[in-house]
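Colleague: This is the structure alone, sequence omitted:
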Ligand SMILES: N[C@@H](CCC(=O)N[C@@H](CS)C(=O)NCC(=O)O)C(=O)O
């Protein structure tokens, strides 16, 4: 059975477990990171020198970097579904996966950490508000894309929906002003119908 190390409230862990649940592979998630520790221990660093969660163990072999774990699971267990056969659909999925980690996640980190994991008296409102503004801009461009199709790589769910889909749950669960984005909101509603999204992503935002 696959092992996925990482605490359930980590968005990067959520991507890995959501992908594993989507493809139906047997796996167990084991707590690690922040209050659970383990990710600074020698045995963990030997498997993942980057010391972050998630970490996937597949037998004797291990893999880290959440988007790459999603790609691995899609390749091994979800070819033709999570990993589209069509090269253009597949690389459109990959494009939005990379966009999420390089653009959307850095923009959302100050509002998320500021509003959820920082006491009110220590909040950096300048950084929080700049992040919210940038997220509205970025979700706006995803919105224009999703006004044309149901999912990021076409009209079928794919691995391309997983990183941004995990973040959009946070976005709609922060106590903030959001631009009204009909394409993103309709897509978010489609994701909420998926049982694996409900089980592994729609958790208390902590
Ligand atoms: N690029 C890495 C980033 C992983 C990452 O930043 N993980 C965070 C949790 S979301 C982490 O390990 N933080 C330290 C901790 O939880 O102890 C990935 O996508 O897997």
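Modeller: Ah, there it is. All of these numbers come straight from a predicted model, not from anything done at the bench.

Colleague: Please count neighbours and contacts with C-alpha atoms only from this point.
Modeller: OK.

Colleague: contacting residues around the residue positioned nearest the centre of the chain?
Modeller: The chain has residue 163 as the residue nearest its centroid, 3.3 Å off, counting by C-alpha atoms, centre = their mean. For residue 163, the contact set (C-alpha atoms under 8 Å, 6 or more residues apart in numbering) comprises 12, 15, 67, 97, 100, 101.

Colleague: can you give me phi and psi for it?
Modeller: With angles defined as degrees, to the nearest 10, residue 163 sits at phi -60, psi -50.

Colleague: Can you point out the buried residues in the top helix by length along the chain?
Modeller: Looking across the chain with DSSP state H, the single longest helix is helix 125-146. Across helix 125-146, burial judged by 16 or more other C-alpha atoms under 10 Å covers 128, 131-136, 138-140, 142-143, 145-146.

Colleague: starting at the chain centroid, how far to it?
Modeller: Here helix 125-146 is found 16 Å from its chain centre; the criterion is C-alpha atoms, centre = their mean, to the nearest Å.

Colleague: same thing with stretch 189-197?
Modeller: On the basis of C-alpha atoms, centre = their mean, the separation between the geometric centre of stretch 189-197 and that of its chain is 14 Å.

Colleague: now do stretch 115-133
Modeller: On C-alpha atoms, centre = their mean, the centre of stretch 115-133 falls 21 Å from that of its chain.

Colleague: what about the nearest residue to residue 44 once chain neighbours are set aside, how many residues close to it?
Modeller: Nearest-residue entry for residue 44: residue 38, 6.6 Å, with adjacent residues in sequence omitted and distances by C-alpha to C-alpha, 6 or more residues apart in numbering. Counted by other C-alpha atoms under 10 Å, the residues lying close to residue 38 total 19.

Colleague: Surely residue 38 and residue 32 touch.
Modeller: Yes: using C-alpha atoms under 8 Å, residue 38 makes contact with residue 32 at a distance of 5.5 Å.

Colleague: Show residues contacting stretch 85-94.
Modeller: With contact meaning C-alpha under 8 Å, 6+ apart, stretch 85-94 is reached by 79, 83, 84, 152, 153, 154, 158, 159, 160, 161.

Colleague: let's see 6 Å
Modeller: By C-alpha atoms under 6 Å, 6 or more residues apart in numbering, the surrounding residues in contact with stretch 85-94 are 84, 153, 160.

Colleague: Among these, the buried ones, what's the PyMOL command?
Modeller: Applying 16+ other C-alpha under 10 Å to the contacts of stretch 85-94 leaves a buried subset, and the PyMOL line that selects it is:
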select buried, resi 84+153+160
